[in-house]
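Student: Give me coordinates for this.
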Amino acid sequence: LLDILSNGGNPQAIQKHLGDCFNNVIRLQYKKEEKALSTPELKEFEEILRVGGDLWQLNWKKGSASKKLAEKYCAGQSDEKQHEWFNKLYEEWKKAPFTKFATGMYSKAGKEYIPFHEPYECKGAVEAWLRNLVKHHNETMVRKLSIAKFEADHWHEKPRHKWLFDFSAQNSLTASFTVWTEEVEAQFEALAEGNETAMKDYLKMYDERLSHLIDLVLGKLNKMERVKVITLITIDVHSRDVVQMLIDRKVQDNEAFDWQCQMRYYWDKEKRVCATKIMDSTFHNSFEYIGNTGRLVITPLTDRCYITLSQALTLKMGGAPAGPAGTGKTETVKDLGRGVGIPVYVFNCSEQMNVESM
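Tutor: Numbers count the residues shown, from 1 in each chain. Got it, this is the predicted structure:
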């Protein structure tokens, strides 16, 4: 805390503390001073890092942004010469001083980079710009989700197994969940209109989507993409099981308990609000960036915990999961937080800690 307060005017010195200030942001990408970027290739490289970050763009392999840049400016030269040219360019770029404008953020988990919707200037009192950085990164996530949901409505043009690579893990998951909720409720309407096989037909289509994701995992993916796809499969398997349960129990309308007790996502594009509903509890997504993290396999016990904890939150009460150590009590609460985009802070409390000190 003292280090942050004493170096408030130097954003680079605060980079190492960002992981403690945010749920899943480990560092920011900053712009370089334009005067120091004297050549077109340096400016182009700066733009590459603004859009894609340095985690995957610097990898020297076929199709990477760094290789394409070298091929553009060193056409006809050997791979070794191109690599040498790129290394010199990177060293030159590193010498340029940073500005106070942040252009993106890196996740603590899953090696993901999210470019901001517009550069954010880290100036003024450190507590003020850190607070405003939270709002700025929330706004970025809202805008990206809005685009992801719009494009998810057109999966017939660009299927989901291709669409998911255009967005972050968090937005891919939220948009997919929102579409699933809309589609299941559309099947209830079809059942009410007399189409008795509506839900069974939907289950077949959902199995198809799931098999496409499984094919992706069996193929060639980088670490970030693999974590994202596996997380989607984890949630998709539970969603498919829910649809199967609705068929087995012959649930006919969306007011039934078996449907109401599920975690359901609703997107309001006019207000740009994503509401998560469980029973009569409604939470507005806080759009806290949760990174590219795995999610828990949802069991019947997890479902019961979600219902109980969400009811407790709605009634402004506490929830107290009890059980032996290492059985997933904390992880379940953290996973519920990820589901509704709310940051979760874990305190290891000693017996001396009371309500007042919290």
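Student: what does the helix or strand hosting K72 rub up against?
Tutor: Using DSSP states H and E, the element containing K72 is helix 65-73. Contact partners of helix 65-73, identified using C-beta atoms under 8 Å, 6 or more residues apart in numbering, comprise 41, 44-45, 48, 52, 57-61, 82-83, 85-86, 89. In this view, the C-beta of every residue, glycine as well, is placed from N, C-alpha and C.
Student: Now which of those would you call buried?
Tutor: Buried by 16 or more other C-beta atoms under 10 Å: 41, 45, 48, 52, 57-58, 82-83, 85-86, 89, out of these.
Student: Does M317 belong to a helix, a strand or coil?
Tutor: For M317, the assignment made with DSSP: H, G, I helix; E, B strand; the rest coil gives coil.
Student: separation between it and L309?
Tutor: 10 Å (C-beta to C-beta, to the nearest Å).
Student: between those two, who's got more neighbours?
Tutor: For the pair M317 and L309, the greater number of neighbours falls to L309 (21 against 10), based on other C-beta atoms under 10 Å.
Student: isn't that one right next to D335, touching?
Tutor: No. Look at L309 against D335 with C-beta atoms under 8 Å: they stay out of range, at 10.5 Å.
Student: Find the nearest non-adjacent residue to C122, please.
Tutor: Residue nearest to C122 in three dimensions, not counting chain neighbours: P11, with 4.2 Å by C-beta to C-beta, 6 or more residues apart in numbering.
Student: neighbours of the one you found, just the number please.
Tutor: Neighbour count for P11, taken as other C-beta under 10 Å: 23.
Student: Relative to F101, how far out is it?
Tutor: To F101, P11 is 9 Å away according to C-beta to C-beta.
Student: joint contacts of those two?
Tutor: Common neighbours of P11 and F101 (C-beta under 8 Å, 6+ apart) are 30, 122.
Student: buried set for the helix or strand where Y306 lies?
Tutor: Assigned by DSSP H and E, Y306 belongs to helix 300-314. Buried residues in helix 300-314, counted by 16+ other C-beta under 10 Å: 302-303, 305-307, 309-310, 313.
Student: Let's have those residues in JSON lines, adding pLDDT and distance to H284.
Tutor: Below are the buried residues of helix 300-314 laid out as JSON lines (pLDDT from 0 to 100; distance: C-beta to C-beta, whole Å):
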{"residue": "T302", "pLDDT": "91", "distance to H284": "22"}
{"residue": "D303", "pLDDT": "91", "distance to H284": "22"}
{"residue": "C305", "pLDDT": "92", "distance to H284": "21"}
{"residue": "Y306", "pLDDT": "93", "distance to H284": "17"}
{"residue": "I307", "pLDDT": "93", "distance to H284": "19"}
{"residue": "L309", "pLDDT": "93", "distance to H284": "17"}
{"residue": "S310", "pLDDT": "93", "distance to H284": "13"}
{"residue": "L313", "pLDDT": "89", "distance to H284": "12"}
